[in-house]
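[1] curious how this folds, go ahead:
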Amino acid sequence: MRAWHLIRQGALALAGLCLMASPQAAEKRCLYVSSYHAGYEWNDGIERGMDRVLQGHCELRRFYMDTKRHPEPAWAEARAVEALALIDDFRPDVLLAADDNASRYLVMPYFRDATLPVVFSGLNWTVSEYAYPYRNATGMVEVAPIQPLIRQVRRILPSTRRVLFLAADVSTERKDYGYYRKIFSRLGVQLDARLVKSFAEWQQAYRDGQAYDVILFNNNAGIAGWDPAAASQFVLDEGGVLSVSVYAWMTPYVALAIAKVPEEQGDWMARVALGILDGLSPADVPIIPNRRWDVWVNRDIVQRHGLELPHSLALKAKAYP
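    Purely as a prediction, here's the structure:
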């Protein structure tokens with residue numbers, strides 16, 4: 001597959017890069033376009049990583065497409081047009097585009113092989129649907145640590161055969177489910193999906209999920225009416241089966257999370273942007289996948305549900321709360 005060939009090429013992605021910007025970089029302009037909204041945990045993590053690197057090196061502006069809370073294509077298209085107007089006015093030296101919809105609605109239709117350099121991050125699993133690479137673009141693909149998660153699940157429950165994928169009914173979750181299902185199938189595990197729109201739907205799906213061996217609660221972003229305190233208490237009262245996720249902020253609702261690190265994406269994206277400001281061509285930086293993850297254990301859920309985790313896993317995990 002072309003996209004994964006590019007990812008493999010990226011094993012030495014920044015090995016030879018000089019990451020220090022020249023003094024002139026302080027006069028440069030950077031525009032960050034997020035697919036989502038300020039306050040969304042993944043989005044905020046990317047920005048933390050990005051801000052630590054870019055601070056003092058360029059004038060940074062931000063634009064939020066807000067497509068997690070407004071998933072309609074018409075909304076995304078309109079926000080992309082607004083971003084175009086900002087680009088025409090601000091005239092950035094480099095565009096940093098986070099997550100899928102920034103590439104789908106802004107970069108691909110308007111900046112494919114253009115003169116404006118683009119660094120993307122957070123594209124789930126593959127770049128092929130956006131026809132990357134472009135001569136003016138490079139980036140980091142977001143790959144969930146689903147195989148490490150499955151390995152730990154099988155250490156805890158060797159007889160696992162049926163898993164429920166529970167998530168918001170949004171495009172990124174549908175995309176994740178498609179990839180997860182193929183991986184689980186190869187391992188002889190049935191993965192069913194419940195994609196929900198509201199908190200009440202989530203509660204019912206979680207109850208129904210007790211008939212499975214494991215609930216994979218992928219992401220709550222996009223579930224209307226989400227109540228963190230009520231959800232935390234609900235899983236303690238209504239749960240029993242092993243619950244897992246690949247996002248750190250889902251730790252209040254699952255026993256085990258092997259989580260992607262959004263700061264890694266923002267840090268890498270910003271360092272490449274500094275290289276571009278110092279004369280590097282995006283075409284010379286291979287597209288790579290993320291490589292870091294954290295392990296989290298929710299001690300309250302583990303104890304309440306009587307789960308037994310391998311001692312080595314418990315030792316290396318970060319504890320919540």
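
[2] flag the shaky bits of the chain, pLDDT-wise.
    Across the chain, residues meeting the criterion (pLDDT under 70) sit at 1-26.

[3] domains in it, as residue ranges please.
    Residue ranges for the domains of the chain, per automatic domain parsing: 2-143+261-291, 146-260+294-320.

[4] ok, now how distant is Ala257 from Ala131?
    33 Å (Cβ to Cβ, to the nearest Å). (Each C-beta comes from the backbone N, C-alpha and C, glycine too.)

[5] who's more crowded, the two?
    Between Ala257 and Ala131, counting by other Cβ atoms under 10 Å, Ala257 is the more crowded of the two (29 against 13).

[6] so what's that one up against?
    Neighbour list for Ala257: 244-248, 250-251, 294-296, 298 [criterion: Cβ atoms under 8 Å, 6 or more residues apart in numbering].

[7] tell me which residue is most central in the protein.
    Gly122 (5.2 Å; Cα atoms, centre = their mean).

[8] is it correct that Lys316 is in contact with Val297?
    No: Lys316 is beyond contact range of Val297, at 9.6 Å (criterion: Cβ atoms under 8 Å).

[9] more crowded one of the two?
    Val297 (21 against 10).

[10] direction included, what does the helix or strand the more buried one falls within pair up with?
    Taking DSSP states H and E as the criterion, the element that holds Val297 is strand 293-298. Taking DSSP bridges as the criterion, strand 293-298 sits next to strand 256-260 (antiparallel), strand 318-320 (parallel) in its sheet.

[11] just the CA coordinates of it, formatted as PDB?
    Output in PDB follows, covering the C-alpha atoms of strand 293-298 (Å, rounded to 0.1, in the frame of the first residue of the first chain):
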ATOM      1  CA  TRP A 293       2.100   5.700  23.900                       C
ATOM      2  CA  ASP A 294       1.300   5.700  27.600                       C
ATOM      3  CA  VAL A 295      -0.300   3.000  29.700                       C
ATOM      4  CA  TRP A 296      -3.000   4.000  32.200                       C
ATOM      5  CA  VAL A 297      -5.000   2.000  34.800                       C
ATOM      6  CA  ASN A 298      -8.100   3.200  36.500                       C
END
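
[12] list the buried residues of that strand.
    Within strand 293-298, the residues scored as buried using 16 or more other Cβ atoms under 10 Å are 293, 295-298.

[13] all helices for the protein, in order.
    For the chain, the helices defined by DSSP state H cover 2-9, 41-54, 73-90, 100-102, 108-111, 146-156, 171-186, 199-208, 228-238, 262-277, 299-304, 311-316.

[14] does Leu313 touch Val302 like I think?
    No: using Cβ under 8 Å, Leu313 makes no contact with Val302, being 10.7 Å away.

[15] what's the most distant pair in the contacts of Ala257?
    Within the contacts of Ala257, two members stand farthest from each other by Cβ to Cβ: Val246 and Asn298, at 14.4 Å.

[16] what is the neighbour count of the spatially closest residue to Gln190 that is not a sequence neighbour?
    Leaving aside its sequence neighbours, Gln190 sits nearest to Arg162 (Cβ to Cβ, 6 or more residues apart in numbering; 5.0 Å). Neighbourhood size, Arg162 [other Cβ under 10 Å]: 14.
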